[in-house]
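Trainee: model this:
(chains A and B)
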Amino acid sequence: DTEVTQTPKHLVMGMTNKKSLKCEQHMGHRAMYWYKQKAKKPPELMFVYSYEKLSINESVPSRFSPECPNSSLLNLHLHALQPEDSALYLCASSQEFTSGSSYNEQFFGPGTRLTVL
Amino acid sequence: GQNIDQPTEMTATEGAIVQINCTYQTSGFNGLFWYQQHAGEAPTFLSYNVLDGLEEKGRFSSFLSRSKGYSYLLLKELQMKDSASYLCAVCTDKLIFGTGTRLQVFP
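Mentor: As a prediction, the model looks like this:
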């Protein structure tokens, strides 16, 4: 299995809603990532988990809350979002995350397209 | 600061060759990736360069010059399905993406 899966594919939510995005991989990868991508822009890193521990938080607002229940799963909990948070949210995984040394290829999931009304 | 530049858009004809350039100025360098992304889909890995020189993989090749902070992706025998965005990404302590190049291939 060389796939990263994400659910749901599409999500529409109001500013007072609470929802969660889910990501799963079964490649035995120990690093998982959340990216945000606006239309016609490159992906922007939000969070990195390495061995189920949060390694990088790119100063993301607290209305986004990541969670890594186990080595195969990564969630992103959403609460009180703003319309400008509407974007494609991409999950990725790689074998390892080792800061400052050679890097491993990241495999991306298909993304969740989020619309905040 | 971190700066990774690519042309915004390029066009080419089916069967032709196209070169997409990427220049970077980053604090730290642990390799450079090229990804392809079709509209509304996830990025997919194309190539990885960490040493200077050319890496060839079928119709796609990628070149790196670390002293010049420069890379290019070369696509040969273009096909309509190659119409996509091409993202250059530099690995520092994390992966930083360039602005992306939208390539349109015409018949």
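Trainee: now do the contacts for the residue nearest the centre of chain A.
Mentor: The residue lying closest to the centre of chain A (C-alpha atoms, centre = their mean) is A:Trp34, at 2.4 Å. With contact set as C-beta atoms under 8 Å, 6 or more residues apart in numbering or on different chains, A:Trp34 has these partners: A:23, A:45-47, A:64, A:66, A:74, A:76, A:89-91. (Each C-beta comes from the backbone N, C-alpha and C, glycine too.)
Trainee: helix or strand for it, which one?
Mentor: strand A:31-37 (DSSP states H and E).
Trainee: whatever helix or strand comes next after that strand pairs with which strands, and in what direction?
Mentor: Using DSSP H and E, the helix or strand that follows strand A:31-37 towards the C-terminus is strand A:44-50. Using DSSP bridges, strand A:44-50 pairs in its sheet with strand A:31-37 (antiparallel), strand A:53-57 (antiparallel).
Trainee: how far out from the middle of the chain is strand A:44-50?
Mentor: Centroid separation for strand A:44-50 versus its chain: 7 Å, with C-alpha atoms, centre = their mean, to the nearest Å.
Trainee: then stretch B:1-12?
Mentor: Using C-alpha atoms, centre = their mean, the mean C-alpha position of stretch B:1-12 is found 9 Å from that of the whole chain.
Trainee: ditto for stretch B:47-63
Mentor: 10 Å.
Trainee: hmm, it touching chain A?
Mentor: Yes - Stretch B:47-63 is in contact with chain A by C-beta under 8 Å from any C-beta of the partner chain, via B:48, B:50.
Trainee: where does pLDDT dip in the chain?
Mentor: Using chain A here. Applying pLDDT under 70 to chain A flags residues A:1-2, A:99-103.
Trainee: quick one on the thing from earlier: farthest pair within the contacts of A:Trp34?
Mentor: Greatest spatial distance among the contacts of A:Trp34 (C-beta to C-beta): A:Cys23 and A:Leu45, at 14.5 Å.
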